[in-house]
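Engineer: Below is the sequence, then the predicted model.
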Amino acid sequence: MDSDLHEVCEIQPSKKLKVDPEDTEKTYQNLTKIPTDVTEDASHKEGHGNIQASVQDVNNSQLQIDPLAYTKTGEFTSEVFKIMIDNMPKYVSPADTKKFLKKKNLDPVKIKRAMKSKYAYVTFRNEECRQQALQILNGLVWKKNTLRATTAKPDKNPFAKNQSKDVDNRTVREKTAPLHNIKYSEQLETKLFEIKNILNGYKQSLSKAWPTGFPDENYDFNISEIKASPKIKGYRNKCEFSIGRNVDTNDTHCVGFVKGQFQSGNISIEEPYNCSEICSDIMIEEVKRFKEFIVTSEFPTYDNLANVGVWKAMEIRTTNDDYVMITPIVDKRQLDSDSLQKLKSSLIDFYDNQKKYSLFMKMVGGKEEIFHLSGPKYMVERLCGYSFQITSGSFFQVNTAAAEILYQTIKDTACLDLNTHLLDVCCGTGTIGIILSQYVKHVYGIEIIESAVEDARKNAKRNNISNISFYAGNAKHVTPKVCSDIPKQEETRVVAVVDPPRSGLHLDVISCLRRNTMIKEVVYVSCDIKQITNNIVSLCGPTSGRYLEDPFQFVNAVAIDLFPHTKKYEVVLYFKR
């Protein structure tokens with residue numbers, strides 16, 4: 001998964017966990033007061049003209065430097081209903097904490113905790129829920145630890161908090177393509193060197209899991225090569241651009257990339273006109289066109305500091321035949337029904353009579369909604385000889401040319417044949433399974449998101465693929481059923497391909513792969529091998545109560561550079577048992 005847009009819907013607690021028993025109400029008494037007219041305008045929802053006025057007032061008020069201003073705009077934030085839980089059990093995750101709180105009939109909004117830390121911060125929807133949590137949790141014993149619960153202050157807006165500090169002053173070209181000034185061959189060498197070091201780290205982690213030593217004394221992790229991207233300029237078929245202020249020019253209608261990170265104190269936006277390494281000429285032209293539109297729009301751009309405004313971001317997708325899909329992203333909290341309809345009409349009129357265009361609109365600031373406004377509801381991209389429908393919310397590899405190399409590498413690595421039954425775990429919209437279907441007996445796609453499974457079935461039908469089945473559900477429940485349906489013949493071979501999100505597979509899915517003895521080979525596709533050490537150890541570690549059957553052994557790895565000029569890449573890892 002890959003995304004350029006960093007959307008701040010609610011200020012997250014800082015990484016440094018600090019104990020502060022001071023009540024939120026006392027904290028408010030010491031804050032700088034905001035002018036009444038700004039507060040009222042910022043929360044006004046009856047007309048878009050007042051939104052424009054509120055943004056201007058906010059830009060000229062002390063709200064920009066008040067680190068708790070976001071709590072006073074009239075918009076909901078759970079930060080004002082926060083507690084701190086002290087003396088937490090050492091080895092519990094935020095997910096474990098959520099389950100624990102749910103069992104106590106508590107409904108948290110956010111949970112923030114550094115692993116192994118004694119403290120956790122939890123927020124709630126209102127003061128009544130917070131008080132209920134304090135009453136239930138204070139003195140409660142969890143895993144032999146007596147909890148202490150106290151109220152906690154809202155976290156400070158990191159931008160305001162860091163205004164006096166040195167900020168990241170890189171250009172967006174330096175941020176989005178940090179390796180652009182290095183020869184491409186040297187970029188590949190640098191990435192390959194890093195991958196080798198990470199793989200070596202896997203071996204060190206596994207050695208701890210095998211205290212008596214590996215079963216095979218020659219056990220080692222290696223990588224054969226990193227394959228170059230066929231296209232290294234303007235290679236991305238999807239980019240998400242933020243909309244807002246360029247601090248250097250004071251242009252409030254800038255469409256581009258955020259120069260820094262919100263928490264580092266730099267949310268200035270810069271146009272992508274010098275980002276030709278990742279943005280195609282078509283994308284840059286579309287950015288310029290959309291800026292022309294919002295400059296004349298009566299609806300204001302979004303202000304991340306004040307949480308007011310409408311135009312927040314835009315997504316552009318393109319295909320190899322120059323088809324364009326535009327999806328503006330707007331904040332709906334200050335739009336009434338008449339204003340919303342007027343906004344939609346203005347977009348439709350602006351893009352009217354455009355060829356090869358699809359126009360959508362995504363609304364955020366509450367329940368996320370996507371509306372199709374004009375043009376076809378999907379665009380079609382060809383990949384490895386197959387055609388795929390892409391909608392506004394579909395996942396599709398951002399580098400089409402390099403993706404073809406990725407899928408060919410999966411096929412070659414596993415040496416697929418017509419006796420192979422292929423499990424496509426985390427199959428998404430079915431891209432991998434459809435492309436590899438011609439080389440195997442049958443493909444079984446497993447995906448937890450039902451809408452993705454529906455798209456996968458449409459794509460299979462579109463390409464007349466008959467030897468493929470898709471299942472909606474959790475892989476740990478679906479995989480055993482699928483394996484039980486595979487004919488148990490001597491020549492039958494079962495290979496699992498997993499292409500999980502950046503953070504890797506849930507360990508329950510790893511356990512499922514270990515338990516199903518029909519699965520003899522696993523092809524693991526990772527876009528961040530730094531984050532999957534636990535997956536590798538669980539897949540290849542010794543038999544235990546959780547991992548009942550024989551472990552897999554690492555065979556080989558091949559990297560593919562899907563993201564030239566950046567530090568990212570994809571790696572295909574092959575395991576057998």
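Structural biologist: Structure's in. What do you need?

Engineer: all contacts plus neighbour counts: C-alpha atoms, from now on.
Structural biologist: Fine.

Engineer: Determine the number of other residues adjacent to residue 549.
Structural biologist: Residue neighbour count, defined by other Cα atoms under 10 Å, stands at 17 for residue 549.

Engineer: That one: what's it in contact with?
Structural biologist: Neighbouring residues of residue 549 by Cα atoms under 8 Å, 6 or more residues apart in numbering: 514-517, 543.

Engineer: Derive a PyMOL selection command for the buried subset of these.
Structural biologist: PyMOL command restricting those to the buried ones, with burial defined by 16 or more other Cα atoms under 10 Å:
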select buried, resi 514+515+516
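
Engineer: Would you mind giving the contacts of residue 549 as JSON lines with secondary structure, distance to residue 448 and pLDDT added?
Structural biologist: Formatted as JSON lines, the contacts of residue 549 follow (DSSP: H, G, I helix; E, B strand; the rest coil; distance: Cα to Cα, whole Å; pLDDT from 0 to 100):
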{"residue": "514", "secondary structure": "helix", "distance to residue 448": "20", "pLDDT": "92"}
{"residue": "515", "secondary structure": "helix", "distance to residue 448": "20", "pLDDT": "90"}
{"residue": "516", "secondary structure": "coil", "distance to residue 448": "19", "pLDDT": "89"}
{"residue": "517", "secondary structure": "coil", "distance to residue 448": "23", "pLDDT": "90"}
{"residue": "543", "secondary structure": "coil", "distance to residue 448": "28", "pLDDT": "87"}
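
Engineer: what about the stretch 1-150 of the chain, any weak spots by pLDDT?
Structural biologist: Counting by pLDDT under 70, the ranges of the stretch 1-150 of the chain that qualify are 1-67, 73-75, 115-116.

Engineer: Could I get the full set of strands for it?
Structural biologist: 82-86, 110-112, 120-123, 141-142, 145-146, 148-152 (DSSP state E, counting those that start in this stretch).

Engineer: neighbouring strands for the helix or strand harbouring residue 494, and are they parallel or not?
Structural biologist: Secondary structure from DSSP states H and E places residue 494 in strand 493-498. Here strand 493-498 is paired, per DSSP bridges, with strand 420-425 (parallel), strand 519-526 (parallel).

Engineer: Restricting to C-alpha, output the shortest one in PDB.
Structural biologist: When you say that, I think you mean strand 420-425. Output in PDB follows, covering the C-alpha atoms of strand 420-425 (Å, rounded to 0.1, in the frame of the first residue of the first chain):
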ATOM      1  CA  THR A 420      -0.400 -26.000  -8.600                       C
ATOM      2  CA  HIS A 421      -3.300 -24.800  -6.600                       C
ATOM      3  CA  LEU A 422      -2.600 -21.200  -5.700                       C
ATOM      4  CA  LEU A 423      -3.900 -19.500  -2.600                       C
ATOM      5  CA  ASP A 424      -4.000 -15.700  -3.100                       C
ATOM      6  CA  VAL A 425      -4.200 -14.500   0.500                       C
END
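
Engineer: Centre of the chain to it, how far?
Structural biologist: Offset of strand 420-425 from its chain centre (Cα atoms, centre = their mean, to the nearest Å): 25 Å.

Engineer: do stretch 76-88 as well
Structural biologist: So, by Cα atoms, centre = their mean, the centroid of stretch 76-88 is 25 Å from its chain's centroid.

Engineer: what do you get for stretch 229-236?
Structural biologist: With Cα atoms, centre = their mean, you get 22 Å for stretch 229-236.

Engineer: ok but residue 328 is inside a strand, no?
Structural biologist: Yes - if the criterion is DSSP: H, G, I helix; E, B strand; the rest coil, then residue 328 is within a strand.

Engineer: So in terms of bridging, what pairs with the residue lying closest to it once chain neighbours are set aside?
Structural biologist: Using Cα to Cα, 6 or more residues apart in numbering and skipping residues adjacent in sequence, the residue nearest residue 328 is residue 314, 4.1 Å away. Assessed by DSSP bridges, residue 314 has beta-bridge partners residue 241, residue 328.

Engineer: circling back: CSV for the contacts of residue 549, including distance to residue 120?
Structural biologist: Listed next are the contacts of residue 549 as CSV, based on distance: Cα to Cα, whole Å:
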residue, distance to residue 120
514, 34
515, 35
516, 37
517, 40
543, 34
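
Engineer: Residue 567: which of the contacts of residue 549 is nearest?
Structural biologist: Residue 567 has its nearest neighbour among the contacts of residue 549 in residue 514, at 32.1 Å by Cα to Cα.

Engineer: With residue 531 as the reference, measure out to that closest one.
Structural biologist: 20 Å (Cα to Cα, to the nearest Å).

Engineer: Likewise for residue 566?
Structural biologist: Noted for residue 566: a distance of 18 Å to residue 531, by Cα to Cα.

Engineer: Equivalent analysis for residue 269, please.
Structural biologist: 29 Å.

Engineer: higher neighbour count, those two?
Structural biologist: Neighbour count, other Cα under 10 Å: between residue 269 and residue 531, residue 269 has more, with 26 against 12.

Engineer: now the more buried one, which residues is it bridged with?
Structural biologist: residue 258.

Engineer: biggest helix in the protein, by residue count?
Structural biologist: Using DSSP state H, we find that the single longest helix of the chain is helix 184-209.

Engineer: Could you list every helix and strand in contact with that one?
Structural biologist: Here helix 184-209 touches strand 225-227, helix 533-540, going by 3 or more Cα pairs under 8 Å, 6 or more residues apart in numbering; DSSP states H and E.

Engineer: at 7 Å instead, please
Structural biologist: Judged by 3 or more Cα pairs under 7 Å, 6 or more residues apart in numbering; DSSP states H and E, the packing partners of helix 184-209 are helix 533-540.

Engineer: how about the CA coordinates for the helix it packs on, as CSV?
Structural biologist: This file holds the C-alpha atoms of helix 533-540, laid out as CSV (Å, rounded to 0.1, in the frame of the first residue of the first chain):
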residue,chain,number,x,y,z
THR,A,533,10.4,-9.5,11.3
ASN,A,534,7.8,-11.1,13.6
ASN,A,535,6.1,-12.6,10.5
ILE,A,536,9.3,-14.2,9.4
VAL,A,537,10.2,-15.5,12.9
SER,A,538,6.6,-17.0,13.2
LEU,A,539,6.8,-18.6,9.8
CYS,A,540,10.2,-20.1,10.2
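
Engineer: Could you tell me the angle between it and strand 519-526?
Structural biologist: 170 degrees (axes from the mean of the first three to the mean of the last three Cα atoms, to 10 degrees).

Engineer: Tell me which other helices or strands helix 533-540 touches.
Structural biologist: Under the contact definition 3+ Cα pairs under 7 Å, 6+ apart, helix 533-540 sits against helix 184-209, helix 507-515.

Engineer: List the buried residues for it?
Structural biologist: Neighbour-count burial for helix 533-540 [16+ other Cα under 10 Å]: 533-540.

Engineer: now these as a markdown table including distance to residue 136 and pLDDT?
Structural biologist: Below are these laid out as a markdown table (distance: Cα to Cα, whole Å; pLDDT from 0 to 100):
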| residue | distance to residue 136 | pLDDT |
| --- | --- | --- |
| 533 | 37 | 94 |
| 534 | 34 | 92 |
| 535 | 36 | 94 |
| 536 | 39 | 95 |
| 537 | 38 | 93 |
| 538 | 36 | 93 |
| 539 | 40 | 94 |
| 540 | 42 | 92 |
